[in-house]
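Student: Take this sequence and fold it.
(4 chains)
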4 protein chains.
Amino acid sequence: MHAYSDPEILARLNGNSAAQGFNRWMGLQGLAAGNGQVEILLPLRDDMRQHHGYVHGGCIGALADMACAWAGSTNGGQDVVTSNFTIHFLRPAMGKQLRAKARTIRSGKTVATVEAEIFIENDGEEPKLCATALASIAVLPEARPRI
Amino acid sequence: MHAYSDPEILARLNGNSAAQGFNRWMGLQGLAAGNGQVEILLPLRDDMRQHHGYVHGGCIGALADMACAWAGSTNGGQDVVTSNFTIHFLRPAMGKQLRAKARTIRSGKTVATVEAEIFIENDGEEPKLCATALASIAVLPEARPRI
Amino acid sequence: MHAYSDPEILARLNGNSAAQGFNRWMGLQGLAAGNGQVEILLPLRDDMRQHHGYVHGGCIGALADMACAWAGSTNGGQDVVTSNFTIHFLRPAMGKQLRAKARTIRSGKTVATVEAEIFIENDGEEPKLCATALASIAVLPEARPRI
Amino acid sequence: MHAYSDPEILARLNGNSAAQGFNRWMGLQGLAAGNGQVEILLPLRDDMRQHHGYVHGGCIGALADMACAWAGSTNGGQDVVTSNFTIHFLRPAMGKQLRAKARTIRSGKTVATVEAEIFIENDGEEPKLCATALASIAVLPEARPRI
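Tutor: Take a look at the predicted model:
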């Protein structure tokens, strides 16, 4: 769908995700990945909500964190970890699913700076931006053993 | 245990938490709360881990976010939401449980600034600081209906 | 130049700026302002540089902070202050002038979330993005006296 | 004064600072430096103030940024640059001087995480915390030429 998406990279990211306990619980679905960008869909369930009935900020934050890390890993297939992460919540999110769009702003040898936007979507409504994030993603040396 | 803790505030926070889908999934246990501070324990499960076997950053972030919000709500029982949130991950976290300690740095009428430290703990080892966070917590007007 | 710019708002911001000691030292020039957006030019001098000859991060940060605050104040003429501020430096900046472009992402009653991009410019070269920032701007109640 | 301070490191930092245009303009005075920590004093002048008469946030931010970078450079004498930086402003600052205290939370091979507190001081008053910051400081490889 997206011109930037590379089927191999997308398959690798979705495969890695399926191998991780927390990601499996989240149930996130990578839709596009490549050239420093990703798009991820997160269908919402009741165990992702907080006391106002809105999506819990912790889930929005986790999705934004993952989207930034995925985006930062599309340039070369390296292993990455989030070094730090800032998120601003813009409005309460009530709806059917979240959509994350992340974009690498600057890709260096050891760190990538990535921004993400999180949209809340509902049937028959325009998507609404509910959070924006900025992250530093550390690109791990290839030689480093995957413990 | 902690001199700052107030049994009523702690019971209210643990009660609110039990009423929230995401918090129930997390299984977090408030240990102390009062005077702008909280301590929360999070026993770790496999569905909280990532591909290196470490605790997923998304879980660490969600715990830090909650700890900051809880701490920001101890001064007066108001309803609060996280406005924004920065977290720095300091080391990979592998172990049995996470412990969050949050402390209100500055409490204003409409916003509280809170910092949190997240420790990873394992049997027979010293707790290790694995993340530090800084958050703005919005204090909602009392008149606002709890939707 | 910019469709969003409103001459009255721009004149007010440049006037306020001229009345402030630090802004006068900086020498920043508002080029456009309105509808949650601003563009500001900062001609560079030697007393804005650091030990590598690059623009000092402190100046880039101050410019980004101001651009966010100005952008946050264009919706209604309120007095504003920066509540918090995150900046990621993307590359060393050497050149003739900095250009800040700030845009309000979400404007609420008491807080605006604003993002800013800082470009370094030199004769005969394409502008280069050297920093990106995300800020919470507190909108002060009108009743509050302007001390 | 401070047990952590090392006269050689402090002299190096103050010397580097005196060689930088922006730092000279600021007039900051390193008081202590060593073991990941620094303390810096900034006497305030009218060209550091904003329209309410308070210290300009841009100056507070620049001081916090420098304090974090200095602290991050005390472990080994490496050259460092600020990678990213979050600051929360806690109260308006009016007074005679600012004091920055920065402390390295975690020192890695390529990045240090540092926190800083900024206090406003006035004759006959207790120092007041006016801002708190969290920064990632990139430690540059020694082999990298100082351009």
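Student: Now the residue most central in space within chain A: phi and psi?
Tutor: Centroid-nearest residue in chain A: A:Ala67, 1.6 Å away (criterion: Cα atoms, centre = their mean). Note on A:Ala67: its backbone torsions stand at phi -60, psi -40 [degrees, to the nearest 10].
Student: wouldn't it be in contact with A:Lys101 here?
Tutor: Yes. Contact criterion Cβ atoms under 8 Å: A:Ala67 and A:Lys101 qualify, at 7.3 Å. For the C-beta atoms, the positions are set from N, CA and C on the backbone; glycine is no exception.
Student: what is in contact with those two at once?
Tutor: Common contacts of A:Ala67 and A:Lys101 (Cβ atoms under 8 Å, 6 or more residues apart in numbering or on different chains): A:38, A:116.
Student: where does chain A have low pLDDT?
Tutor: For chain A, the stretches with pLDDT under 70 are A:1, A:77, A:142-147.
Student: and if we set it to 80?
Tutor: Where chain A drops to pLDDT under 80, the residues are A:1, A:51-52, A:76-78, A:141-147.
Student: what residues does it put near chain D?
Tutor: Selection of chain A residues close to chain D by Cβ under 8 Å from any Cβ of the partner chain yields A:83-84, A:86, A:110-111, A:113, A:136, A:138.
Student: Looking at these, which two lie furthest apart in space?
Tutor: Taking Cβ to Cβ as the measure, the residues of chain A next to chain D span a maximum distance of 19.4 Å, between A:Thr86 and A:Thr110.
Student: higher neighbour count, the two?
Tutor: Between A:Thr86 and A:Thr110, counted using other Cβ atoms under 10 Å in any protein chain shown, the more crowded position is A:Thr86 (27 against 16).
Student: Centre of the chain to the helix or strand harbouring that one, how far?
Tutor: Following DSSP states H and E, one finds A:Thr86 within strand A:80-89. Mean C-alpha position of strand A:80-89 versus that of the full chain (Cα atoms, centre = their mean, to the nearest Å) differs by 10 Å.
Student: can you check stretch A:3-21 too?
Tutor: Computed by Cα atoms, centre = their mean, the chain-centroid distance of stretch A:3-21 equals 12 Å.
Student: and that stretch, does that touch chain B?
Tutor: Yes. Counting by Cβ under 8 Å from any Cβ, chain B has neighbours in stretch A:3-21: A:16, A:19-21.
Student: Next up, identify which helix or strand the residue nearest to A:Leu98 when sequence neighbours are not counted is on.
Tutor: What sits nearest to A:Leu98 in space, not counting adjacent residues and going by Cβ to Cβ, 6 or more residues apart in numbering or on different chains, is A:Leu42, at 4.3 Å. Assigned by DSSP H and E, A:Leu42 belongs to strand A:37-43.
Student: Check A:Glu117 too.
Tutor: strand A:111-121.
Student: again with A:Tyr4
Tutor: Using DSSP H and E, A:Tyr4 sits within no helix or strand.
Student: How much space separates it from chain D?
Tutor: Computed as Cβ to the nearest Cβ, to the nearest Å, the A:Tyr4 to chain D distance reads 25 Å.
Student: next one: A:Val38
Tutor: Counting by Cβ to the nearest Cβ, the gap from A:Val38 to chain D is 21 Å.
Student: What is the neighbour count of A:Leu140?
Tutor: 14.
Student: Would you mind confirming that it makes contact with A:Gly76?
Tutor: No. Applying Cβ under 8 Å as the test, A:Leu140 and A:Gly76 come out as separate, 11.2 Å apart.
Student: now check the next helix or strand after the strand holding A:Glu117, is it near chain C?
Tutor: Later in the chain than strand A:111-121, the nearest helix or strand by DSSP H and E is strand A:128-139. Yes. Using Cβ under 8 Å from any Cβ, strand A:128-139 reaches chain C at A:129, A:132, A:134, A:136.
Student: tilt between strand A:128-139 and strand B:80-89?
Tutor: 20 degrees (axes from the mean of the first three to the mean of the last three Cα atoms, to 10 degrees).
Student: A:Val80 - how many residues pack around it?
Tutor: 22.
Student: That one reaches A:Ser136, doesn't it?
Tutor: No. In this structure, A:Val80 is not within contact of A:Ser136 by Cβ under 8 Å, at 10.4 Å.
Student: which residues do the two both contact?
Tutor: The contact lists of A:Val80 and A:Ser136 share A:Ala112, where a contact means Cβ under 8 Å, 6+ apart.
Student: partners of A:Ile37 in the sheet?
Tutor: Small correction: residue A:37 is Gln, not Ile. Here A:Gln37 sits in beta bridges with A:Gly34, A:Arg103, going by DSSP bridges.
Student: give the contact list for it.
Tutor: When contacts are counted by Cβ under 8 Å, 6+ apart, A:Gln37 touches A:2, A:4-5, A:71, A:74, A:101-104.
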